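Undergrad: fold the following.
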Amino acid sequence: MPQLGTGVTITFDSGFFAEILNVSGPSVSREAIPVHHMGTTGGRPKLPATTYDPGRIEVEMGFAAENEPPWAGGAETVTLTIVSAGTGGTSTWAASGFMTEFEPTLPLEDRSTARAVIELSGSITVVA
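TA: Residues are numbered from 1 along each chain as shown. You can find the predicted model right below:
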């Protein structure tokens, strides 16, 4: 079933929370390990690595100057909560993470926003 982004939240254990406008990620990846040798003919065989890089989450949010983001804090649990438009159920994706970038945009006569990058570390736990 198609998924809408309405209702998505991101929270940090430290209590930081923002009005989310757009989320990209996590950008999970893992290596493909080549296992070909001098006697290999045709296509090169590969094996999937047993570990993965949890990647990062990019977030566009409403900016509120009084709500200081955890840009200097250590790694903490970051939880992405997704609400299913079809069933009304929720799914959470949680991982250890820390903010590596934060950039506010303060335009004249328009909504103030910020862009943040959260680098994830370790395993992602998904609970449907």
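
Undergrad: the helices in the chain, which residues?
TA: Under the criterion DSSP state H, the chain carries no helices.

Undergrad: which parts of it are strands?
TA: 9-12, 20-24, 32-34, 46-48, 56-62, 76-83, 90-105, 113-127 (DSSP state E).

Undergrad: which residues touch residue 56?
TA: Contacts for residue 56 (C-beta atoms under 8 Å, 6 or more residues apart in numbering) come out as 25, 26, 27, 100, 117, 118, 119, 120. Every residue, glycine included, has its C-beta placed from N, CA and C.

Undergrad: just send these back as JSON lines, with pLDDT too.
TA: Listed next are these as JSON lines, based on pLDDT from 0 to 100:
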{"residue": "25", "pLDDT": "88"}
{"residue": "26", "pLDDT": "92"}
{"residue": "27", "pLDDT": "93"}
{"residue": "100", "pLDDT": "95"}
{"residue": "117", "pLDDT": "96"}
{"residue": "118", "pLDDT": "95"}
{"residue": "119", "pLDDT": "96"}
{"residue": "120", "pLDDT": "97"}
